[in-house]
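>>> Model the structure of this input:
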Amino acid sequence: MTTVIGAQRASQQAQVQDYAEILLRRLPVALLTGILVFGLSVIFTMRQPRVYQAIATLLLTPRQTRAQFVPSFLPSQAAETLVQIVGTYEVADRAARKIENRPERVDQIRGLVQGGVSAQSIRGTDVLRISAKGSNPQMVARIANATAESLIELGVEAQRAEANAVRRFLEDQLAQANRDLEAAERARVRAKMEGRGVSVSDEVAARLRLLADLDARRLVTQIDRREAQMRLDYTNAELRRQFNLDPTLLAQNSLVTALRDRLAALEVELIELQQRYTEQHPAIQIQRSRIQAARASLRKTLVDSFGTPGGAAAAPFLDLQRKSVETQAELYVVDARERFLDTLISRQEADLKSKLPGDLAELQGLRNLRVMEQVFSLLSQRLFEAKILEASLLPGMRIVDPAQVPGSPTSPNRAVNTLLGLVVGLLFGVVAAFAAESLDNSFRTVNEVERVVELPVVGTIPTLGGDGDHPAPDGVALVLASSDQRESPFAEAFRGLRTSLLYASPESPPRVLLITSPGWGEGKSTVASNLAITLAQFGKRVWLVEADLRHRRLDEAFAAGTAGLAHYLLGSAALDDIAHPTGVEGLTFVPAGTTPAQPADLLGSPRMRSFLAAAREQADFVIFDAVPCLPVTDAVTLAPHVDGILMVVEANRTPKDAVVRARRLLADVGGRILGVVFTRVSTYGRAGYDGFSYSGNSMSAPDRLRNARNLAVALGRRILQRTSRE
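Residues are numbered from 1 along each chain as shown. Alright, predicted model coming up:
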């Protein structure tokens, strides 16, 4: 279990290291992309116009008004309505004229108001915020304040119109009452002058005063009916205009009409109770509670039956509906009150007639005079109250926090945008790095080779000189043959490759090796020659055979004679004639010889098999430097006859699909691929396997040997596992 957890942790660490290597490898792409994105974001931010914002805060207060024919809303409802009308033409025009009244500037400022002003009501409060945005800080402050003042003026004008309508209505009624009173007084004077005056007892006078009082109340009730009808007409007109609702639908709804009639009946009962008790009597208080409950039920029924529009229009819609139905109920109450007063008046007239037999016409003048006096007194009082109300009207809202000139723009926020540009630039840089990596079809790391090719990496060969930025020179580099390069990372890598081959199967190591690659120029000849040299330096008898009969690369490196493998296969030379000693003890070199017409046929001939048998007898190891296996079939022909194949893959160059095709091609003919030799790997990366890597002369000789042995053991286990599976 501990081993599994450790392996998982090691795998996760390897993935993190792989990602880090990708970023380091693609650092120029990441930096260029990040700088480009960051620069564009900075340029975009700098080119954006500065936008300033100023906010004026309004506090809405309940309107103190007794006028009934204009719908009134609670402050919260008014706030929702004001949010919708703040950008209307009327408000914008008023605000523009407050700022500058020149005709040529009004249109321009009006456009700024309509395009840059918005309102927001704070939920749960009676606060309204007027916000103005623009490029001029002084102008946006003036616009916000002017808009707030315009809304206040509109509210005051609406209240004044409301109070003015009430006052004018009462003035008309009072003028009519005054005319009626004057007529009654003149009639009374004429009656006295004509000697038609009558004297009555105190009881009759009291009944006349009661009858006159009832007449006055009936007349006031008739005035109330006209006022209620006026309010109903106004409310229904607003329902049609604002919401396209036919008010007759309200009257046709059975639930609404039932509640309306119930409300009217309760109002009539209240009138009857008021004839017997004072306002503080419990019976009247209970009756008023019933009326309030009936009104609440009526409102709920209206919501359930007709619904409400969305947004800020819901409050006005419900208020208009409620007022329409309640005004209808009020008309029913007024009618019932008038009928009730008619009954009382008829009863009092009959009773008075029984007390004073004869014609009552002589008393009518006195009765009318007293009625007009009471009506005139009542209307005078109402008019006086209306005038006081009109003169003392207060705005329904006030500015509690005027807009100030903003000191800094709200957008663009250059600091935030710059930081976001930096973050986005880094993200785009990382994405670009991984995108470039995904588009690159070559191998970068050992883990990538093993994952894609499904073969172990038996050796990692750094670039000659140990610097990944400097490629190896053209031709074959015989580094191990030079005494001054024997301690270099390049030479150390070949000793590690030798160790992995010897320790992979200590009892029967592969003696005949074929070195090939998917394509040209990937370092197979350098690998073959230096592997042969390091095996010879280890005390082994090694034959290095140049099986590339098409391009003789090793001939120049070892300066061999003209007779070679091709001559032997053609039968024109003996084995001893083509085996040439070299300057490395234990190393024999077999050159390619002449270039035949059909190299693949020669390599698959019986003479080739006899050469292999003879070479096995005279050498401990036979290493074939073959041609690439994809362009021609020479290496494929030799693959079934050797003990093992090493495929050379160059880092950052060899295509992945080429390596996969080469592996499949060699496996199809029965070739035993021991693994991959990864060449031209940078010593600064994770070039090694399973955490082991080479770092040049900084490592002592015992440490290098210990490192090589550990690497060989790890690779040997992998090779044995893969071989057993095959």
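>>> Show me where the stretch 51-200 of the chain dips below the pLDDT cut-off.
62-81, 158-159, 161-163, 188-200 (pLDDT under 70).
>>> how about the helices in it?
Assigned by DSSP state H, counting those that start in this stretch, the stretch 51-200 of the chain shows helices spanning 75-85, 89-99, 103-116, 137-193.
>>> how about the nearest residue to residue 29, chain neighbours excluded?
residue 436 (4.8 Å; Cβ to Cβ, 6 or more residues apart in numbering). C-betas here are computed from N, CA, C, even on glycine.
>>> From residue 58, how far out is residue 352?
From residue 352 over to residue 58 the distance is 61 Å, taken as Cβ to Cβ, to the nearest Å.
>>> actually residue 497, sorry about that
Taking Cβ to Cβ, one finds residue 497 at 85 Å from residue 58.
>>> quick revisit: which of the helices of the stretch 51-200 of the chain sits closest to residue 583?
helix 137-193 (87.8 Å; Cβ to Cβ).
>>> Tell me how far that closest one lies from the chain's centre.
55 Å (Cα atoms, centre = their mean, to the nearest Å).
>>> Could you tell me which residues make contact with the closest residue to residue 95 other than its chain neighbours?
Using Cβ to Cβ, 6+ apart and skipping residues adjacent in sequence, the residue nearest residue 95 is residue 146, 3.9 Å away. Residues near residue 146 by Cβ atoms under 8 Å, 6 or more residues apart in numbering: 94, 95, 96, 98, 99, 113.
>>> Am I right that the second one is in contact with residue 154?
Right, the one you point to is residue 95. No: between residue 95 and residue 154 there is no contact under Cβ atoms under 8 Å: 10.8 Å.
>>> Between those two, tell me which one has more neighbours.
residue 95 (29 against 18; other Cβ atoms under 10 Å).
>>> Now do the contacts for the more buried one.
109, 110, 113, 117, 143, 146, 147, 149, 150.
>>> Can you tell me how far it is from residue 139?
11 Å.
>>> Please apply the same query to residue 328.
Residue 328 sits 51 Å away from residue 139, going by Cβ to Cβ.
>>> cool, residue 462 as well?
70 Å.
>>> Where does the residue nearest to residue 634 when sequence neighbours are not counted sit: helix, strand or coil?
Among residues not flanking residue 634 along the chain, residue 627 sits closest, at 4.6 Å (Cβ to Cβ, 6+ apart). Of the three states, residue 627 takes coil under DSSP: H, G, I helix; E, B strand; the rest coil.
>>> Could you pull up phi and psi at residue 627?
Dihedral angles of residue 627 (phi, psi; degrees, to the nearest 10) stand at phi -70, psi 160.
>>> doesn't residue 551 make contact with it?
Yes: at 7.3 Å, residue 627 counts as touching residue 551 under the criterion of Cβ under 8 Å.
>>> follow-up on the earlier one: ok, residue 462 and residue 139, which is more surrounded?
Shown here are residue 462 and residue 139; by other Cβ under 10 Å, residue 462 has more neighbours (28 against 18).
>>> buried residues in stretch 277-290?
Neighbour counts over stretch 277-290 (16 or more other Cβ atoms under 10 Å) mark 284, 287 as buried.
>>> heads up, I number from 744, so please use that
That works, and once the first residue is 744, the last one we named lands at stretch 1020-1033.
>>> how distant is that stretch from the center of its chain?
The answer for stretch 1020-1033 is 60 Å, by Cα atoms, centre = their mean.
>>> Alpha carbons only: can I get it in PDB?
Only the C-alpha atoms of stretch 1020-1033 are listed here, as PDB (Å, rounded to 0.1, in the frame of the first residue of the first chain):
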ATOM      1  CA  TYR A1020     -73.900  56.600  19.600                       C
ATOM      2  CA  THR A1021     -70.700  58.800  19.700                       C
ATOM      3  CA  GLU A1022     -67.600  57.900  17.800                       C
ATOM      4  CA  GLN A1023     -65.900  56.500  20.900                       C
ATOM      5  CA  HIS A1024     -68.700  53.900  21.500                       C
ATOM      6  CA  PRO A1025     -67.500  50.300  21.200                       C
ATOM      7  CA  ALA A1026     -70.200  49.400  18.700                       C
ATOM      8  CA  ILE A1027     -68.900  52.100  16.300                       C
ATOM      9  CA  GLN A1028     -65.300  50.900  16.800                       C
ATOM     10  CA  ILE A1029     -66.200  47.300  16.100                       C
ATOM     11  CA  GLN A1030     -68.100  48.400  13.000                       C
ATOM     12  CA  ARG A1031     -65.100  50.400  11.700                       C
ATOM     13  CA  SER A1032     -62.900  47.300  12.200                       C
ATOM     14  CA  ARG A1033     -65.300  45.200  10.100                       C
END
